[in-house]
Structures are given as C-alpha cells and as structure tokens.
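1. Provide a 3D model corresponding to the input given below.
(2 chains)
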Amino acid sequence: MSGFFDLPSDLQHSWLGLIGLHLREALLPVLAGLLVSLPIAQLCVRFRWLYAPVLGLTTVLYAIPSLAFFVVLIDYTGQTELTVMIPLAVYSLVVLVPAIVDGVRSVPQETLAAATAMGFGPVRRYVQVQLPIAVPAIIAGLRVATVSSISLVSVGMLIGNQGALGNLLNDANIYHRPELAVNSVVTTAALAILADAALVLVRRLLTPWMPHGTRRRAPAEAADAAEAGPEPAVPALEDTVR
Amino acid sequence: MAESGQLLPDPKGVRRLIRIDTVTKRYPDGTVAVDRLSLEIPDRSITVLVGPSGCGKTTTLRMINRMVEPSEGSILLDGVDIREQPVNSLRRSMGYVIQNAGLFQHRTIVDNIATVPRLLGWSRSKSRARAMELMERVGLDSALAKRYPYQLSGGQQQRVGVARALAADPPVLLMDEPFSAVDPVVRKGLQDELLRIQDELGKTIVFVTHDIDEAIKLGTTVAVLRTGGRLAQYAPPAELLTAPADAFVEDFLGTDRGIRRLSFFGTEGLELKRAPIVTVDTTAEEVAARTDVDDDVPYLLVTDRDGRPLGWSEPAALAAGPVDVARLLPHGRPFRHGGESLRAALDCAVLSPTGWAVAVDGTGRAVGVVSQQAIGEAIRTAHAERTTGAAGDDGSTGGGALGDADAATGAEVAG
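-> Next up is the predicted model:
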C-alpha cells in the first residue's frame, strides 16, 4: 500500500510540487484581479454613477459557473493553467472592487479637504493619501479573494489535470485511494488558512497607524471581514464542486 | 497684535495681501452661496468671517485657495489674480487648518507636519527639523513626534493641524472652524495659543467660525455674513458691539453685547481704594485707627505679609482679636489692574460676597479694592468718551480683547 504522500505518477508532481502549482494557480489570479480592480475602483469613486453597474457586472460574472468559462476559454487557451486562472481572476473582482471602493470612500472628508488644500494633485492624493488609508479594507477583500481562489483551483482537474491539489480527488476515485482525497482537502484547507494568516501579518506591518486592540474601530469593512476571515474557507471548499 | 490704524475704512488702491473683489458664487442649481462680496483683508492680522450656517463663510474661505471657484468677481493675492498661478503652488503658499484637524492618520505626527515642505521639495531631514521646531512653537511635546494621530487627544491633534499649516512659513493662514469640535476648555487654550503665535509670527489669517464669542475674542476685524452670502457688517469687534449695523447683526451678537463690550474698556482708570487693605498681622488698635479713614467701606480686605489677598473680614471681628484666616469671607477671583478689562472687574465685583472687587498687580499682590458703584461710574465715563471721541482711533481694541480672555470664561462659569 502506498503512503499518504506517495502520489500516482500520472500527476507528474510530488506533494510539494502540487502545493507550489496550487499556490501559483490561486495567487496569480488574485494579483491580476487586484491590478484590474484598482483602476476600476478609482473610476467608481470618481464617477459615483458607475459603481452600481460595475457591481452588477462583477456579480453576474461571479454567477457564471467555472465550467461554462472553461468551455468558452478552452477554444482559445487550451487545457492549460491559464484557462483555470482567468475565471479565478474574474471571480476575485466581485470582492476586490467593492473592498477598494469602500476603503477609499472611508477616508474622512476633512482629510481629503486638507490634502487638497495643501496642494496635493488628484493622482498624488490617491496614491499617498486615499490608498494607504484604504489598505485595511483592501487587505480584508484580498483575504476573502485569496481563500476562495485557493479552494476554487481544484476545479481545474476537469480540464486535463490542471487542478493542482484538486487532481488528487480524481485520482482517489480512479485508484480507490480515499486517503488521496483526504490529503487534497486537508492540504487545500491548510494552504487557505496559512495564506490568510500571511495577509493578516502583511496588514499589521503595513498599518502601524491603526489603534491596537481596537482595530475594528477604523474602516468598519476591514473589521467585519477580519472577523469573518477564516470562515469563507469552509463554504469556498464546498464551492469546489462548481 | 495689529494696530487699529490698519483697520477700516481703507482707501481703495492700498495693496493688500488678500483682496476679495465683488465675488459671487452661484451653484448650477441656482443657489447663491456668496453674493457680491467685497472684503479688504488687512495684512498681518486676524480677519474673522462669522455668520449662521448657510451664510457662505466657508465657501468664501475656500475661494481664497481655489477649492471653490467664484462664478463672478475676482480675488487678488498681493495684487495679482489668484487664477494666474498654478493652483497647487497657490495652495502650498497658504496654510490651511480644518475642523477635526484632518490629519493623515497613516503618517506620524512629524511627517504630518512636514507634508507641505516635502511637497515643496525640501529634503527629508530639513523638513523634519522644521517640523520639530513647529511642534515646540505650538506647544507639543517632542516625544509625540513619532506617534500616530489616533494616539493624540483632540486638542493635540488640532495643534498638529496648526503646526502643519505653518510648516512652510506661508504668509497666509486659512482656518475653517478649526476649534469648533473640541471642548470649551481646550478651545480656550487653543484660542489663546493662536493669539500668542500670531503675536510672534504676524500672519495674515482668515478665520471662519459660527461662534460670535470666538469671533470677538480672536478677530482684529470681523465680517458678519447673513444667510445668502451677503455682508452684513465689517468692523473691529468693539465697533460691532457698540454700533451693530442692523437688527440681524444685533440679534446675532446676542442679548448681552453691552456686557461683552466692556471687554474693550481697560481698568487703568478705575479709582482704587487702598485704605480697606490690612495685613494679617495687623493689631486691633491699628485696625481701629484705619477704619475711620474710610467710613463707607463696610469690610476690610486681609492680605498675607506679602500683600496677597486672603479674604474679607468685618472690622468688628478684627478688632476683637487675632485674625482667624479660616473664618474670612472668600475674596473671589481678583482682577489684574490695568491688564484686564472692565468686564473682568465687574465680574469680580458681582461674584464677590461683599460686592467689592479686589485689584491685584502682575505678581498677585492686592493694590486696591473697588465697588460695583465705582465700576458702574467708570463704565458710564468710558461710554461717554467713546461716543464723543472718534470710535475708530483708540488703541485699546486689540489689547483689550486679549486681556479679556480670562474674564470671558469667568463670566461663563459664573452664569
């Protein structure tokens, strides 16, 4: 009988190799999503009327099952990691855009007026004042997006073993080795929790200016998300069936 | 403080740092926030814009640094239209203090203060050195430099706000209700501090408030605006209290403007009585010898050996034996003779259980006592002088308002 960490050769990866692959497939889309969200969110802050339609659009995109995305994308990008990562990046927008918009909007009016009055141009004001103050809210959004992305990668299994740790689920079925399924679920959950903890650490390092102990006082969204932080992992894991 | 010689009326053509010339602000929906407003802002003094909400005072202030653009009219800075220079360099040449301070919560105190110097391209070390210097000037402990705004009290944050506005040493300071969100005790401290700093630096300050008491205390000149953005009156505070232009201004000044006006009358002319003052070790015989000097004083003021007031006593009680300090009547808060206003003196007399106010010198030694009647006479005399003499050209306006700082709060506590 093979051991818990002895993986079938059709996966072409060791356990650690799968972890690396999994992280890459999960985190790159979140990073791409963040880069796309920043300008979109800035437009939504600038032109308030834009926010409702943008929010509606990201929600509709989020409602499209990943399989449907794969069917369309596979014609263009084939059975590759990219086909898995594009839908994940699109999904992350539904969390990241509102997180950034709310974060930027939570900057007090007096602070903005003071910045303008001291001679900050719009770009400088956005980069040096609004974004730094929005960091807690943005990271709260990143935590949800990252955890959900880590669990959603598994579905890539359906398009030619591109699901990293998710591929173990298929192998468990083929080779009648249930411990591979356990390995997949436990490792994915552990990755999600560790990634979440890493983001909390990043937040602490980036925001020495937040009141200690009463962290929930500053941007309310950040605090709410912080409390709900570890939980999304569970429903997101259930989501892998999508 | 500035001399009253710099005040209105001004001949046209005098070059002013700031001149607001028939400015109107009309919003797209038709509301008029400011209506054909013209103001000559005297250099190196505090000009207060005051009025009820919706009178356009903040709009006017924000037009000076172009955070709001006027619909009509123009604003001249040192003779040049403010639209002729890039907006951000204009703003960097004017300090701006806002309600609640509006500090950058993600930057340390020293970095907050160094903001404008950094924008102007000063080196980091020079900016920080300048920031540390300003912290001292506004009365902040240098230990706070590395703290973040959330670690400071509201009053401290507002001091940081003032320091930040002064950092690049701008000639102009715009202050938008800077002290209205702090409690009255802290506000009084900040106001006194502003007057002290202004004494040292002599900036041209435009100060917006809805609080008429603050306007009268701080302003060298006060512009009262009415709803709809029209100027109701533009005058030094003493003149405002003496001769309100119309019913609106009179109403806005409140019912006790007569009392408040006393802030601008000095106490130098008060006739003090020295005879009722006795030291604590005076013997009964000496007391007996002294009371007949001034029969109309029903009480004696007992002082310690250094001349500091201890309390009032009936002459009979003193004649009976050695002074029991614990049984003296309290003398209340004394006023500084010459340093404080008639308002302070009257307040002391009203609060004194004997009806007599105690005058002290700068070191706290009693220099005399004065009755409510004598203060009343002094008030009548002062009024008579004001109405016969030219209202504008007495020198006491600025100094009188300053000295009254304590009296105003004293009256509030009493009420």
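2. near chain A, which residues of chain B?
-> Where chain B comes near chain A, counting by Cβ under 8 Å from any Cβ of the partner chain, the residues are B:65, B:67, B:87-92, B:94, B:96, B:98-108, B:115-116, B:119, B:148-150, B:161, B:164, B:174. Every residue, glycine included, has its C-beta placed from N, CA and C.
3. where's B:Ile18 relative to B:Tyr27, distance?
-> To B:Tyr27, B:Ile18 is 23 Å away according to Cβ to Cβ, to the nearest Å.
4. Looking at those two, which is more packed in?
-> Regarding B:Ile18 and B:Tyr27, a neighbour count based on other Cβ atoms under 10 Å in any protein chain shown identifies B:Ile18 as having more, with 22 against 11.
5. so where do the strands sit in chain A?
-> With DSSP state E, there are no strands along chain A.
6. the longest helix in it is where?
-> Ranked by residue count, the top helix of chain A under DSSP state H comes out as helix A:15-46.
7. Which other helices and strands does it contact?
-> Packing contacts for helix A:15-46, counted by 3 or more Cβ pairs under 8 Å, 6 or more residues apart in numbering or on different chains; DSSP states H and E, involve helix A:51-63, helix A:81-105, helix A:131-152, helix A:178-206.
8. In terms of pLDDT, where does the spatially most central residue of chain B sit?
-> Central residue of chain B (Cα atoms, centre = their mean): B:Lys217, 2.8 Å from the mean position. What the model reports as pLDDT for B:Lys217 is 93.
9. so which helix or strand takes in it?
-> Element membership of B:Lys217, judged by DSSP states H and E, is helix B:212-218.
10. Could you tell me the average pLDDT over the next helix or strand after that helix, please?
-> With elements assigned by DSSP H and E, the helix or strand that comes after helix B:212-218 is strand B:221-226. In this model, strand B:221-226 has a mean pLDDT of 96.
11. Quick one: list the elements packing against strand B:221-226.
-> Packing partners of strand B:221-226 (3+ Cβ pairs under 8 Å, 6+ apart): strand B:46-50, strand B:230-235, helix B:237-242, helix B:247-253.
12. Enumerate every residue touching residue 58.
-> Reading this off chain A. Taking Cβ atoms under 8 Å, 6 or more residues apart in numbering or on different chains as the contact definition, A:Thr58 lies against A:93-94, A:97.
13. my bad, the chain I had in mind was chain B
-> Neighbouring residues of B:Thr58 by Cβ under 8 Å, 6+ apart: B:176-177, B:208.
14. Buried deepest among the helices and strands packed on strand B:221-226, which one?
-> Neighbour counts (mean count of other Cβ atoms under 10 Å in any protein chain shown) averaged over each of the helices and strands packed on strand B:221-226 peak at strand B:46-50, with a mean of 26.
15. Now do the next helix-or-strand element following that one against strand B:221-226, angle only.
-> Later in the chain than strand B:46-50, the nearest helix or strand by DSSP H and E is helix B:57-64. Put simply, helix B:57-64 runs at 120 degrees to strand B:221-226, going by axes from the mean of the first three to the mean of the last three Cα atoms, to 10 degrees.
16. got the buried residues for whichever helix or strand comes after helix B:57-64?
-> Scanning forward in sequence from helix B:57-64 by DSSP H and E, the next helix or strand is strand B:72-77. For strand B:72-77, burial by neighbour count (16 or more other Cβ atoms under 10 Å in any protein chain shown) applies to B:73, B:75-77.
17. Which elements pack onto strand B:72-77?
-> For strand B:72-77, the elements it packs on are strand B:18-26, strand B:32-41, judged by 3+ Cβ pairs under 8 Å, 6+ apart.
18. list the contacts for residue 83?
-> Let's take chain A. Contacts of A:Thr83 were listed using Cβ under 8 Å, 6+ apart, and they are A:70, A:73-74, A:77, A:156, A:159, A:162.
19. try again with chain B
-> B:66, B:74.
20. How about the secondary structure of it?
-> Counting by DSSP: H, G, I helix; E, B strand; the rest coil, the backbone at B:Arg83 sits in helix.
21. returning to what we had before: let me know whether the residue nearest to the centre of chain B touches B:Leu194 as I believe.
-> No: in this structure, B:Lys217 is not within contact of B:Leu194 by Cβ atoms under 8 Å, at 9.8 Å.
22. Count the residues that sit near the residue lying closest to A:Pro208 once chain neighbours are set aside.
-> Spatially, and ignoring its direct neighbours in sequence, A:Pro208 is nearest to B:Tyr148 (7.1 Å; Cβ to Cβ, 6 or more residues apart in numbering or on different chains). Neighbourhood size, B:Tyr148 [other Cβ under 10 Å]: 21.
23. Model confidence score at B:Tyr148, please.
-> We have a pLDDT of 96 for B:Tyr148.
24. now swap in the one 5 residues further on and tell me
-> In this model, B:Ser153 is scored at 94, pLDDT.
25. quick one: it from B:Tyr96, how far?
-> B:Ser153 is 21 Å from B:Tyr96, where distance means Cβ to Cβ.
26. So if I had to pick from these two, which one is more boxed in?
-> Taking other Cβ under 10 Å, B:Ser153 and B:Tyr96 do not tie; B:Tyr96 has more neighbours (30 against 10).
27. what residues are up against the more buried one?
-> For B:Tyr96, the contact set (Cβ under 8 Å, 6+ apart) comprises A:114, A:117-118, B:65, B:165, B:173-176.
28. I'd guessed A:Leu165 sits against A:Leu18; true?
-> Yes: counting by Cβ under 8 Å, A:Leu18 is a contact partner of A:Leu165 at 5.2 Å.
29. Common neighbours of the two, please.
-> Shared contacts of A:Leu165 and A:Leu18, defined by Cβ under 8 Å, 6+ apart, comprise A:Thr187.
30. Name the residue in these two with the higher neighbour count.
-> More crowded of A:Leu165 and A:Leu18, by other Cβ under 10 Å: A:Leu165, with 30 against 22.
31. Next up, the contacts around the more buried one.
-> Going by Cβ under 8 Å, 6+ apart, the list of residues near A:Leu165 reads A:18-19, A:22, A:153-154, A:183-184, A:187-188, A:191.
32. Nearest to chain B among those?
-> The closest of the contacts of A:Leu165 to chain B turns out to be A:Leu191 (Cβ to the nearest Cβ; 30.8 Å).
33. Much appreciated, bye for now.
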